[in-house]
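Visitor: Any chance you can model this:
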Amino acid sequence: MKLGVSSYCFRQLMTSGEMDLIGVLDWVAASPAGHIEIAAMDGEYYLENEAVVRDTAKHAEEIGVPIVNYLVSGDLRSADSNEVDRLRRQLDVAHAFGATVFRHDVAPWAWREQDPGEFESTFAHVVEGCRAVADHAADLGIVSTIENHGFFMNGSERLARLVYAVDRPNFRVTLDLGNGLCVGEVPGKTAAGLLDVAASIGIKDFHIRRSAGEGWLKTLAGDYLLGTVTGHGDVDIPGLLALVATKPDVPVSLEFEGMEAPLPAIERSLANIIRLNESVA
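Guide: All right, here's what the predicted structure looks like:
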């Protein structure tokens with residue numbers, strides 16, 4: 001298994017200024033992880049700071065921590081030309097980082113269509129926008145992806161349909177093994193349905209309850225989720241790792257989003273993934 005870490009794990013420390021991206025790279029280099037994915041979900045920072053991108057890419061190469069995936073927000077519900085152009089420029093950032101995979105959203109995280117007609121009309125625009133982005137990615141030698149994320153473009157059937165409809169050899173999925181829970185899909189079904197079209201994989205764990213207090217995410221199935229250390233929650237991590245083992249060349253990145261202190265939680269998560277992976281090997 002090609003195990004790495006998402007910079008999203010460090011978002012709390014990066015937001016507070018306790019760590020920057022170079023510091024995150026150094027932390028990863030000293031850990032059992034072998035690569036990093038850079039999550040730029042909340043703005044245009046890397047678009048606006050070419051020197052940071054250049055210095056980060058150089059440092060990553062020097063310390064031997066490849067940047068495998070670059071993740072950004074996106075909204076292709078209308079296939080707006082300005083948004084498509086912005087995503088193309090973000091692709092140029094991914095190329096400057098040296099990433100071979102690029103992941104973009106197609107709608108705001110919480111948005112959900114009101115009826116089947118709205119889904120179908122929106123889906124047609126999303127296909128158009130994804131094709132335009134993927135075509136620019138192809139010129140850069142990058143695989144363009146959509147993640148099963150949020151409430152609209154989530155669930156294995158919707159993602160597989162999108163890949164088929166976009167019909168580009170370099171358009172695939174950044175497969176998050178836990179996110180299907182948001183729309184009531186069990187992780188095993190998500191993984192089985194999308195592994196064959198996955199260019200990268202994200203792994204995380206959740207506590208899952210039928211009722212919960214403040215701070216938990218309510219899913220479309222009426223369950224409640226709370227992120228936690230991988231291996232401490234209710235997700236069948238060994239079963240998922242057994243499926244992931246059938247695709248050994250696809251990079252797997254830890255995504256910790258729990259309430260625990262980040263660095264110990266990331267360390268424990270990596271150790272648990274390695275131990276559980278060995279148990280199913």
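
Visitor: Let me see the ranges of the helices in this protein.
Guide: Applying DSSP state H to the chain gives helices spanning 11-16, 21-29, 45-48, 50-63, 81-97, 116-139, 156-166, 187-194, 237-244, 262-280.

Visitor: could I get the ones you listed as JSON lines with mean neighbour count, distance to residue 73 and mean pLDDT?
Guide: Quick note: C-beta positions are derived from backbone N, CA and C, even for glycine. JSON lines is the format used below for the helices of the chain (neighbours: other CB atoms under 10 Å; distance: least, CB to CB, whole Å; pLDDT from 0 to 100):
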{"stretch": "helix 11-16", "mean neighbour count": "14", "distance to residue 73": "14", "mean pLDDT": "94"}
{"stretch": "helix 21-29", "mean neighbour count": "19", "distance to residue 73": "18", "mean pLDDT": "97"}
{"stretch": "helix 45-48", "mean neighbour count": "14", "distance to residue 73": "12", "mean pLDDT": "92"}
{"stretch": "helix 50-63", "mean neighbour count": "15", "distance to residue 73": "17", "mean pLDDT": "96"}
{"stretch": "helix 81-97", "mean neighbour count": "18", "distance to residue 73": "9", "mean pLDDT": "97"}
{"stretch": "helix 116-139", "mean neighbour count": "18", "distance to residue 73": "13", "mean pLDDT": "98"}
{"stretch": "helix 156-166", "mean neighbour count": "18", "distance to residue 73": "17", "mean pLDDT": "98"}
{"stretch": "helix 187-194", "mean neighbour count": "20", "distance to residue 73": "21", "mean pLDDT": "96"}
{"stretch": "helix 237-244", "mean neighbour count": "20", "distance to residue 73": "26", "mean pLDDT": "96"}
{"stretch": "helix 262-280", "mean neighbour count": "17", "distance to residue 73": "22", "mean pLDDT": "95"}
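
Visitor: Make CSV out of those helices and add distance to residue 146.
Guide: Shown next, in CSV, are the helices of the chain (distance: least, CB to CB, whole Å):
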stretch, distance to residue 146
helix 11-16, 21
helix 21-29, 24
helix 45-48, 20
helix 50-63, 23
helix 81-97, 11
helix 116-139, 7
helix 156-166, 6
helix 187-194, 11
helix 237-244, 19
helix 262-280, 24
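
Visitor: Of all those helices, which one comes closest to residue 210?
Guide: Across these, residue 210 has its closest neighbour in helix 187-194 (17.4 Å, CB to CB).

Visitor: And the contacts of that closest one?
Guide: The contact list for helix 187-194, computed with CB atoms under 8 Å, 6 or more residues apart in numbering, reads 148, 155-157, 159-160, 173, 175-181, 235-236, 239-240, 243-244.

Visitor: Okay then, goodbye and thanks.
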